[in-house]
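K.L.:
turn this into a structure:
(one chain, ligands or ions: 1)
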Amino acid sequence: MFRAQNVASMAHSPTAQRYNPAIVALHWLIAILVAVVYGLTYVWDGVPDEDVPFVKDLHMGLGFTVLVLVIARIVIRLSTASPPAAQSGWPFLDRIGSLAHVLLYFLLLAVTILGVTYVQSRARGIPLGFMEIPALLTDPVARDTSRSIREVHELAANALIALAIVHALAALFHQFVLRDRLLRRMTFGGR
Ligand code: HEM
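P.N.:
Presented below is the predicted three-dimensional model:
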């Protein structure tokens, strides 16, 4: 009980001006990696056949890295002080903004976990470059089942990118229209 209260009161601190530096680093690293991992899905359509496995392996390895970083980010976010929720002057929009943040975390987890599940459903391991996460199944599941998992993975990835674009536009709106220097909270510096 005491711990839960402690964590809840640390989550939003009225005094913190910026996010924890680890959160700031993870925010930008995850944003870049998601763009690269998504971009690779267009690259593998355009490269010669012999290079396709390499590009797909890179997609899986970097995508898995996103999963690990998102889990780390959630743990740090819940255990460190954050600035209070942003205010635009329109409480309804602020509520949508908070919901969108939760949805972004959800989609990040969903996309990456579905990617891992799809690969595992084909009884394949996940290459990480320096090691491989082994296949858990000896035989692939039914083709239709893994195809459905792959389709939901793709759908969730497209939703994630669409929401990330809206999220970025909202941040730019705060920065350049409302001029409330909201972006500053996601930069390094004194807290
Ligand atoms: C940021 C995370 C990720 C994003 C944005 C993403 C996005 C996508 C998209 C859009 C597709 C469909 C591409 C197409 O067929 O046109 C796809 C396919 C795929 N993804 Fe991901 N993905 C992510 C993470 C992962 C992870 C973690 C894995 C597995 C470890 C993974 C494995 C795959 C595989 C195996 C395919 C199908 C490749 C094929 O057609 O053979 N993805 N991904």
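K.L.:
C-alpha only now, for contacts and for neighbours.
P.N.:
OK.
K.L.:
who in this protein is up against the ligand?
P.N.:
Residues of the chain found near the ligand (CA under 6 Å from any ligand atom) are 34, 37-38, 41, 59-60, 63-64, 66, 111-112, 115-116, 119, 126, 154, 157.
K.L.:
need the pLDDT of the residue positioned nearest the centre of the chain.
P.N.:
With distances taken as CA atoms, centre = their mean, the residue of the chain nearest its centroid is Leu108 (3.7 Å). Here, the pLDDT recorded for Leu108 equals 98.
K.L.:
and Ala85, how far from Asn20?
P.N.:
15 Å (CA to CA, to the nearest Å).
K.L.:
who's more crowded, these two?
P.N.:
Asn20 (23 against 13; other CA atoms under 10 Å).
K.L.:
hang on, the more buried one packs against Ser82?
P.N.:
Yes. The criterion here is CA atoms under 8 Å, and Asn20 meets it with Ser82 at 7.0 Å.
K.L.:
for the residue nearest to the centre of the chain, what are its contacts?
P.N.:
By CA atoms under 8 Å, 6 or more residues apart in numbering, Leu108 lies in contact with 66-67, 70, 160.
K.L.:
repeat that for 10 Å
P.N.:
Listed by CA atoms under 10 Å, 6 or more residues apart in numbering, the contact set of Leu108 reads 30, 34, 63, 66-67, 70-71, 156-157, 160-161.
K.L.:
go on, Phe106?
P.N.:
70, 100, 156, 160.
K.L.:
same deal with Phe54?
P.N.:
44, 60, 127.
K.L.:
tell me which element it is part of?
P.N.:
Here Phe54 sits within helix 52-79, counting by DSSP states H and E.
K.L.:
before we move on, the earlier item: which of the contacts of Phe54 ranks first by neighbour count?
P.N.:
Going by other CA under 10 Å, Met60 tops the contacts of Phe54 with 22 neighbours.
K.L.:
once you drop chain neighbours, what's closest to that one?
P.N.:
Ile126 (6.5 Å; CA to CA, 6 or more residues apart in numbering).
K.L.:
any idea what the one you found is bridged to?
P.N.:
Ile133 (DSSP bridges).
K.L.:
pretty sure it is touching Val119, no?
P.N.:
Yes. The criterion here is CA atoms under 10 Å, and Ile126 meets it with Val119 at 7.2 Å.
K.L.:
joint contacts of the two?
P.N.:
Shared contacts of Ile126 and Val119, defined by CA under 10 Å, 6+ apart, comprise 60, 135.
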